[in-house]
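>>> below is the structure, and that's it, no one-letter string:
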Ligand SMILES: N[C@@H](CCC(=O)N[C@@H](CS)C(=O)NCC(=O)O)C(=O)O
């Protein structure tokens, strides 16, 4: 675990001393956009046109942020157009690593050993954390974006002109944008990032605040899902997929490892049915690797789990009937 300082790797855990024990997530640094015609997006520079075979996605199966991008790539039909490399779940003193001897964890483009080498390939003097996901441009040999919230927006629409891409599937429809943004904001702060704020806090009060806000939000979401099939109504949107990747990790990891233990998702009737429904949508289960998820958190985060023992349980059941058909 570490970061790059002026292009040099430094092994260092998150510094919570400056923030009185509170975990603060650093903003992503590469903020360009792939667009249909290569014009600049809402941020960054132009020159990233949606083309088949041009872009490569670096992910960890464990990472909830990277997971969003894998779900969008799968559901939009982008697999033939955007290739993927998966880092090894253990993220230790060298940060995210490839294991060239293991077919599932090779860097297919350059045969790199560490993900930080990809960042310095794009920016030799880069300073900051080395995170997944990374959307890489093979043509310009640079990072397009390392912000998952923006990568999924690109995947949602920029590649719609390519063969086989499901252009009719829109997870960010115009009419629902205000609702989606409103839900995203609270879910990001108190749920997606909320579990990390609880788990990485090094002061009791910061942990308790994150814990309370997390469960207040889960109660709020449980109530919404009592009479809405999905978060904004009858149509599944980006807001649902952003929540999904946290829910699917919750009982196996966040409940115990991050001390988010008021209750599990399976104890919420609506949230658990909703989680199963999303999991059961065609293709989605292929993006979920509970073995790598558990291994990453319990082995890599040694300040939270010094023994690096990976718990055997709990038994997870995402495949039984979800019963959500009755919700309008
Ligand atoms: N804002 C980023 C956050 C990504 C992120 O924090 N990924 C984690 C893995 S779950 C990571 O790579 N952490 C490495 C580090 O912080 O050094 C996004 O959503 O894309």
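Thanks, I have the structure now. Remember, it's a predicted structure, so these values are computed and weren't measured experimentally.

>>> show me which residues of stretch 300-308 are buried.
300-301, 305 (16 or more other C-beta atoms under 10 Å). (Glycine included, C-beta is placed from N, CA and C.)

>>> now these in a markdown table, with distance to the ligand and secondary structure?
What follows is these, written out as a markdown table (distance: C-beta to the nearest ligand atom, whole Å; DSSP: H, G, I helix; E, B strand; the rest coil):
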| residue | distance to the ligand | secondary structure |
| --- | --- | --- |
| 300 | 9 | helix |
| 301 | 10 | coil |
| 305 | 16 | coil |
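
>>> around the ligand, pick out the residues from the chain.
28, 63-65, 95, 129-133, 146-149 (C-beta under 6 Å from any ligand atom).

>>> can you tell me which of those are in strands?
residue 129 (DSSP state E).

>>> buried residues in stretch 289-299?
For stretch 289-299, by 16+ other C-beta under 10 Å, it's 289-290, 292-299.

>>> what is the nearest of the residues of the chain next to the ligand to residue 248?
residue 64 (8.3 Å; C-beta to C-beta).

>>> in three-state terms, label the residue nearest to that closest one when sequence neighbours are not counted for me.
Nearest residue to residue 64, sequence neighbours excluded (C-beta to C-beta, 6 or more residues apart in numbering): residue 245, at 4.0 Å. Three-state call for residue 245 (DSSP: H, G, I helix; E, B strand; the rest coil): helix.

>>> please enumerate the helices of the stretch 151-300 of the chain.
Along the stretch 151-300 of the chain, the stretches classed as helices by DSSP state H, counting those that start in this stretch are 177-187, 194-200, 204-227, 238-249, 269-280, 290-300.

>>> from the buried residues of stretch 300-308, which one has the minimum pLDDT?
Checked by pLDDT, those have residue 301 as the lowest-scoring entry (93).

>>> run a quick neighbour tally on the closest residue to the ligand within the stretch 151-300 of the chain.
Residue nearest to the ligand within the stretch 151-300 of the chain: residue 151 (7.1 Å; C-beta to the nearest ligand atom). Counted by other C-beta atoms under 10 Å, the residues lying close to residue 151 total 26.

>>> again with residue 272
Residue 272: 23 neighbours (other C-beta under 10 Å).

>>> so it sits against residue 265, correct?
Yes. With contact defined as C-beta atoms under 8 Å, residue 272 counts as touching residue 265 (5.4 Å).

>>> the nearest residue to residue 247 once chain neighbours are set aside: what's it in contact with?
Leaving aside its chain neighbours, residue 247 sits nearest to residue 275 (4.6 Å; criterion: C-beta to C-beta, 6+ apart). Residues near residue 275 by C-beta atoms under 8 Å, 6 or more residues apart in numbering: 244, 247-248, 265, 318.

>>> returning to that earlier point: got the residues of the chain next to the ligand as TSV, with neighbour count columns?
Output for the residues of the chain next to the ligand, formatted as TSV (neighbours: other C-beta atoms under 10 Å):
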residue	neighbour count
28	20
63	24
64	22
65	24
95	22
129	19
130	23
131	23
132	24
133	25
146	24
147	22
148	26
149	16
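
>>> can you tell me which two in the residues of the chain next to the ligand are farthest apart?
For the residues of the chain next to the ligand, the farthest-apart pair by C-beta to C-beta is 95 and 149; their separation is 21.6 Å.

>>> tell me which residue is most central in this protein.
By C-alpha atoms, centre = their mean, the chain has its centre lying nearest to residue 65, at 1.2 Å.

>>> need the contact list for it.
131-133, 148, 192, 245.

>>> that older thread, tell me the pLDDT of the residue nearest to residue 247.
The confidence metric pLDDT takes the value 98 at residue 275.

>>> measure it to residue 265 for me?
Distance, residue 275 to residue 265, using C-beta to C-beta, to the nearest Å: 6 Å.

>>> then residue 199?
For residue 199 relative to residue 265 (C-beta to C-beta), the value is 16 Å.

>>> next: residue 91.
Distance of residue 91 to residue 265, computed by C-beta to C-beta: 25 Å.

>>> helix/strand/coil for residue 309?
Look at residue 309: counting by three-state DSSP, its state is coil.

>>> tell me how many other residues crowd it.
Quick note: residue 309 (other C-beta under 10 Å) scores 9 neighbours.

>>> pLDDT score for it?
Predicted confidence (pLDDT) for residue 309: 98.

>>> what's the offset of stretch 158-175 from the middle of its chain?
Stretch 158-175 has its C-alpha centroid displaced from the chain centroid by 20 Å (C-alpha atoms, centre = their mean, to the nearest Å).

>>> contacts for it, please.
33-36, 50-52, 72, 75-78, 80-82, 152-153, 156-157, 180, 235-238, 241.

>>> if we go to 6 Å?
Here stretch 158-175 makes contact (C-beta atoms under 6 Å, 6 or more residues apart in numbering) with 34-36, 50, 52, 76-78, 81, 156, 237-238.

>>> since that was my last question, I'll sign off now.
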